[in-house]
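Sharing a model that was predicted from the sequence below.
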Amino acid sequence: MKLVAFLLPLVFLLVILIAETVTRITEGAIYEDLLQRGVAISRVVALSSGYSILSGDRLAMDSLAAETKNSAGDIEYLSIRDTEEMVLAHNLIEERGKKHAASIRVKALATFLETQAYEVVRQGKELIEFTTPIFFAGKRVGTVSLGISRDSVLAAQKDIRKSIAVAAAVFLGIALLGTFAIASFITTPVKKLSSGVNELASGAPFHPIPLRSGDELGELTMNFNRMAETILSQKNRLSRYAKDLEESYIATVRVLAASIDARDPYTLGHSTRVAFLSCELGRRLGFDMEEIEHLEKACLFHDVGKIRTPDEILLKEKRLDPKEIGLMQRHPDDGADILRMAPSLHRYIPAVRYHHEWYNGTGYPERRKDSEIPIHAQIIALADAFDAMTTSRPYRKALTSGKALEEIIRFRGTQFSPELADAFVRMVRDMPPMEAVDTDTASKRGMAL
Ligand SMILES: [Fe+2]
């Protein structure tokens, strides 16, 4: 639209200028033609009437006056008079023999040899009057005056103006369409380039822009397509690198998680069992594959913060005192700090940080409750508690699955979400007895998700 707004006034101005110039030239030509015609008629009459004046041949002069008047529709009058200004012949019979009545001269137009042309007003009509002296044998014997109506010139000029105005309007219409066509021709490839840039910027699938011409725009389009392909290929390479980096970091954290589990013989394999149970529950809750993968990694990371927990607390065989409990309870925050070091692992922070929150708001570290606790954290809390209860500890023996489920039901609505606790209990009851589950296989299943 900007291009049209710029081009259209220019085209409009050009058309107006051309129309005005053509009108002026044409009108000038019409006027000039009239002057030439008037001079020629006036001189012919002057040449033809010299002898008749001297010989007193009134009939010849009358005939000449009448024939001249009738030769063209725009001749208003013709007067032949002697040197005393007495009318000898006139197209109006009543004017003959009278003193010539001079016209009111408005403007001198031109002089052609001895003929003079004036714009005059005669009997209320605007005329162009041509006055030529009549000579015979070198002696002036009279004067011819020829009056031609200006109406015909004005009418011709009006017709010309009308025709030129119509032509200009048609030309303007064509120019308008042409301007839109040119604007579209120029802007369409630019718009396509612009939408290509937007596609590229938004990450939407990029489609190469078709080449339509071999001009500068075509070259620009071709270069843009090449640039986009380069960017996309580098982006894909970077994504692969990022994925590889994330996988290697996750592998490192797996090793770290396994090392932490291994620090305490009683918690060996804990993280992978939690991952197995959590992913099973996630699947039952209708999570898609991507979310289950996400949950599995969060499970592997959930106790990674214990790397900072001193051995004397982690491996203590007696119950922990309040101070030790406080140190132990720092592991969700420590885990979050470790994950914060890699931007690609930030998504696991909520599950890790809040897996010891209680449904009723009495957990740690933030005493969040109900829906304030991320669902992944709530699932991990269930699996974590179940695995802890079904694993022997120095200060107590492992509970059976049935007893552990009873505990989970007992804490339904306090520690655990009632709905999730019910789903978890149903899931474990549907599974083969936990004592018979090969956690190696289970962990492999979990990791393979
Ligand atoms: Fe934990």
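Alright, I've got the coordinates.

Check which residues of stretch 313-325 are buried.
Neighbour counts over stretch 313-325 (16 or more other Cβ atoms under 10 Å) mark 313, 314, 316, 324 as buried. (C-beta placed from N, C-alpha, C; glycine too.)

Sorry, slip of the keys, the one I care about is stretch 38-53.
Neighbour-count burial for stretch 38-53 [16+ other Cβ under 10 Å]: 38, 39, 41, 42, 43, 45, 46, 48, 49, 50, 52, 53.

Contact partners for the last one?
By Cβ atoms under 8 Å, 6 or more residues apart in numbering, the residues touching residue 53 are 61, 80, 82, 88, 134, 136, 141, 142.

Same question for residue 335.
301, 302, 303, 304, 305, 306, 352, 353.

What of residue 142?
49, 50, 53, 80, 81, 82, 83, 88, 133, 134.

Now do the helix or strand containing the fourth one: which elements does it pack against?
The reference is to residue 80. Residue 80 belongs to strand 75-82 when assigned by DSSP states H and E. Where contact means 3 or more Cβ pairs under 8 Å, 6 or more residues apart in numbering; DSSP states H and E, strand 75-82 is packed against helix 2-55, helix 58-71, strand 87-90, strand 125-136, strand 139-149.

quick check: mean pLDDT across the helix or strand just after the last one?
Downstream of strand 139-149, the next assigned helix or strand under DSSP H and E is helix 151-202. The average pLDDT within helix 151-202 is 81.

What lies in contact with stretch 70-88?
37, 41, 45, 49, 53, 58, 61, 64-65, 68-69, 89-92, 95-100, 122, 125, 127, 134, 140-149, 151-152.

Just the buried positions in that stretch, please.
For stretch 70-88, by 16+ other Cβ under 10 Å, it's 74, 75, 76, 77, 78, 79, 80, 81, 87, 88.

any idea which of those residues is the one closest to residue 348?
Closest to residue 348 out of the buried residues of stretch 70-88 is residue 74 (102.2 Å), distances taken as Cβ to Cβ.

Could you count how many residues lie near the closest residue to that closest one other than its chain neighbours?
Of all residues not flanking residue 74 in the chain, residue 152 sits nearest, at 3.9 Å (Cβ to Cβ, 6 or more residues apart in numbering). Burial of residue 152 is recorded as 15 neighbouring residues (other Cβ atoms under 10 Å).

how close does residue 152 sit to residue 39?
Look at residue 152 and residue 39: by Cβ to Cβ, to the nearest Å, they are 16 Å apart.

now residue 187
When residue 187 is compared with residue 39 (using Cβ to Cβ), they lie 59 Å apart.

Report pLDDT for the closest residue to residue 178 other than its chain neighbours.
With Cβ to Cβ, 6+ apart as the measure, residue 11 is the residue that lies nearest to residue 178, at 7.9 Å, once sequence neighbours are left out. For residue 11, the pLDDT comes out at 79.

and what of the one 5 residues further on?
You'll see residue 16 listed with a pLDDT of 84.

Can we start the residue count at 240 from this point?
Let's use 240 as the start, then, which means that last one is residue 255.

Number of residues surrounding it?
As a measure of burial, residue 255 has 12 neighbours, counting by other Cβ under 10 Å.

For it, give its distance to residue 411.
From residue 255 to residue 411 the distance is 9 Å (Cβ to Cβ).

now swap in residue 492 and tell me
Applying Cβ to Cβ to residue 492 and residue 411 gives a distance of 74 Å.

who has more neighbours, those two?
residue 492 (21 against 18).

by contact count, what packs against the helix or strand where the more buried one lies?
According to DSSP H and E, residue 492 maps onto helix 455-502. Judged by 3+ Cβ pairs under 8 Å, 6+ apart, the packing partners of helix 455-502 are helix 390-441, helix 509-523, helix 528-540.

chain center to it: distance?
31 Å (Cα atoms, centre = their mean, to the nearest Å).

Next, the angle from that helix to helix 390-441.
20 degrees (axes from the mean of the first three to the mean of the last three Cα atoms, to 10 degrees).

Residue 537 and residue 615 touch, don't they?
Yes: using Cβ atoms under 8 Å, residue 537 is in contact with residue 615, at 5.2 Å.

Quickly list what's touching both of the two.
With Cβ under 8 Å, 6+ apart as the test, residue 537 and residue 615 both reach residue 590.

about what we covered before: export the contacts of residue 381 to TSV and tack on distance to residue 636?
Shown next, in TSV, are these (distance: Cβ to Cβ, whole Å):
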residue	distance to residue 636
288	153
289	155
292	158
319	152
320	153
321	158
322	158
327	156
372	150
373	153
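
How far off centre is stretch 265-280?
59 Å.

got the buried residues for that stretch?
Buried residues in stretch 265-280 (16+ other Cβ under 10 Å): 265, 266, 269, 270, 273, 274, 276, 277, 278, 280.

what about the stretch 540-688 of the chain, any weak spots by pLDDT?
Across the stretch 540-688 of the chain, the ranges flagged by pLDDT under 70 are 672-688.

Tell me which residues are up against stretch 347-356.
274, 277-278, 281-282, 357-358, 367-372.

who does whichever helix or strand residue 356 is part of pair up with?
Element membership for residue 356, per DSSP H and E: strand 354-361. In the sheet, strand 354-361 lines up against strand 343-351 (antiparallel), strand 364-375 (antiparallel) (DSSP bridges).

still on that earlier bit, closest to residue 583 out of the buried residues of stretch 277-292?
Of the buried residues of stretch 277-292, the one sitting nearest to residue 583 (Cβ to Cβ) turns out to be residue 277, at 98.6 Å.

could you measure the closest one against residue 354, distance?
8 Å.

Mutual contacts of the two, please.
residue 369.

Just give me the closest of the contacts of stretch 347-356 to residue 417.
For the contacts of stretch 347-356, the nearest to residue 417 is residue 274 (40.2 Å; Cβ to Cβ).

can you pull the contacts of the closest one?
Taking Cβ under 8 Å, 6+ apart as the test, what residue 274 contacts is 348, 349, 351, 356, 367.

which residues does the nearest residue to residue 502 once chain neighbours are set aside contact?
In this structure, residue 502 finds its nearest non-sequential neighbour in residue 553, 6.0 Å apart by Cβ to Cβ, 6+ apart. Residues near residue 553 by Cβ under 8 Å, 6+ apart: 502, 503, 545, 567.

Now do stretch 592-599: distance from first to last residue.
End-to-end distance of stretch 592-599 (Cα to Cα, to the nearest Å): 17 Å.

Need the residues that contact it.
541, 568, 571-572, 574-575, 602-609, 611-613, 616-617, 619-620, 623, 652-657.

Narrow these to those that are buried.
541, 571-572, 574-575, 602-603, 607, 612-613, 616-617, 619-620, 623, 654-656.

My guess is residue 456 contacts residue 425. True?
Yes: at 7.5 Å, residue 456 counts as touching residue 425 under the criterion of Cβ under 8 Å.

Noted, bye for now.
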